[in-house]
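> Below are the sequence and a predicted model for it; my questions follow.
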Amino acid sequence: MVEVTLWGSLAALVDGQKQIEVDAKDIRELFRKLAERYPALRGPIENDIAVSVDGVIYRDSWSKELPEDAEIFLMRRLVGG
């Protein structure tokens, strides 16, 4: 079980919760379970979510394992150029 902090407007998509516990071993499983539990997150997960695990941001490395004691944040991707 890992604890995930939802950053910014993402909390509004999960009934205002800022932290959620999810039983997931890697980022891919985390996304799948979050989308099942909170269908409103499905669009952002598919299009514009980044994950911070212990201060390192992952944008496409969904096989990254999630240690139980990790600090995990979900946030919208930053766009720019």
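Sure, I can see it. Numbers count the residues shown, from 1 in each chain.

> Would you mind pulling up the elements that the lowest-mean-pLDDT helix or strand in the chain packs against?
One helix or strand of the chain scores below all others by mean pLDDT, DSSP states H and E: helix 42-47, with a mean of 89. For helix 42-47, the packing partners by 3 or more CB pairs under 8 Å, 6 or more residues apart in numbering; DSSP states H and E come out as helix 27-37. Yep, even glycine has a C-beta here, placed from its N, CA and C like the rest.

> For residue 79, report the pLDDT, please.
Predicted confidence (pLDDT) for residue 79: 63.

> Against which helices or strands is the helix or strand in which residue 20 is found packed?
Using DSSP states H and E, residue 20 sits in strand 19-22. With contacts defined as 3+ CB pairs under 8 Å, 6+ apart, strand 19-22 has these neighbours: strand 2-6, helix 27-37.

> Throw those into a markdown table and include mean neighbour count, mean pLDDT and distance to residue 72, thanks.
Listed next are the helices and strands packed on strand 19-22 as a markdown table, based on neighbours: other CB atoms under 10 Å; pLDDT from 0 to 100; distance: least, CB to CB, whole Å:
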| stretch | mean neighbour count | mean pLDDT | distance to residue 72 |
| --- | --- | --- | --- |
| strand 2-6 | 19 | 95 | 5 |
| helix 27-37 | 17 | 96 | 8 |
